[in-house]
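# can't give you the sequence, but here's the structure:
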Ligand SMILES: Nc1ncnc2c1ncn2[C@@H]1O[C@H](COP(=O)(O)OP(=O)(O)O)[C@@H](O)[C@H]1O
Ligand SMILES: Nc1ccn([C@@H]2O[C@H](COP(=O)(O)OP(=O)(O)O)[C@@H](O)[C@H]2O)c(=O)n1
């Protein structure tokens, strides 16, 4: 069967972690759509015009390690406000979602715009302070030169830009279940998400 799981939510809420884990548990393919915007953002920082970058994006551009920096995240959220950038990425995401065997996509507009018919829609969130602390530990652990205040400011600024933009703003999709992970560890958050997928598989 073709089951689509849409997982949206703000920066560092844990949607990627949940997506990877449930994809492995249920044998679904996983697409981190944030990487598409990060790749376009990185190209803009390298001097390429963002719409052109989105229209010519290739698999080889999606190299997670150099894209997971605070600078690229900010650039991603800027290019993500451009309608033609978003439009250039729609077909790829929808084709991925329609894969036989099931797919999990995580991002900001998956349940609202990319896959409004997804059988499972989750909106994973947590307080800004909790999310910033998690992202700080992640980046500091990888040796990035970051401060707690700097990471919190980045997260708050991106959330504001992502939720206030005119095109495909971040928001819980109609029918989405909100999972607040502020007081949930990874195991508990994944268990919550799995429960909704299991229920959808039974229907
Ligand atoms: N429920 C949780 N409790 C504690 N840490 C978490 C939890 N979920 C995710 N993390 C950690 O927080 C960081 C950000 O998680 P990630 O899944 O990358 O978020 P997102 O995809 O929403 O940006 C990672 O280092 C991850 O291991
Ligand atoms: N479906 C998506 C995914 C990401 N994005 C944008 O891309 C940026 C980076 O996304 P991400 O998911 O990699 O960011 P994190 O939540 O991992 O910090 C976001 O701040 C959004 O501006 C989007 O607009 N739509």
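Great, that's in hand. The structure displayed is predicted, hence computed values, not measured ones. Ligands and ions are numbered 1, 2, ... in the order given.
# Name the residues of the chain found near ligand 2, please.
11-12, 16, 33-34, 37-38, 73, 76-77, 80, 107-110, 158, 162 (C-beta under 6 Å from any ligand atom). Quick note: C-beta positions are derived from backbone N, CA and C, even for glycine.
# Show only the entries of those residues found in helices.
Using DSSP state H, 16, 34, 37-38, 73, 76-77, 158, 162 are the members of these that sit in helices.
# The lowest-mean-pLDDT helix or strand in the chain close to ligand 1?
Least confident element among the helices and strands of the chain, by mean pLDDT, DSSP states H and E: helix 64-67 (a mean of 88). No - counting by C-beta under 6 Å from any ligand atom, ligand 1 is not contacted by helix 64-67; separation bottoms out at 10.5 Å.
# For the closest residue to residue 28 other than its chain neighbours, give its distance to ligand 1.
Nearest residue to residue 28, sequence neighbours excluded (C-beta to C-beta, 6 or more residues apart in numbering): residue 102, at 3.7 Å. Residue 102 is 19 Å from ligand 1, where distance means C-beta to the nearest ligand atom, to the nearest Å.
# and if you look at residue 47?
27 Å.
# Next, the contact list for that residue, please.
By C-beta atoms under 8 Å, 6 or more residues apart in numbering, no residues touch residue 47.
# Ramachandran coordinates for it?
The phi and psi values for residue 47, taken as degrees, to the nearest 10, are phi 100, psi 0.
# Residue 177 now?
According to degrees, to the nearest 10, residue 177 has phi -90, psi 130.
# Show the contacting residues for it.
121-123, 196.
# Closest one to ligand 1 out of the ones in helices among the residues of the chain next to ligand 2, please.
Nearest to ligand 1 among these, counting by C-beta to the nearest ligand atom, is residue 16 at 2.7 Å.
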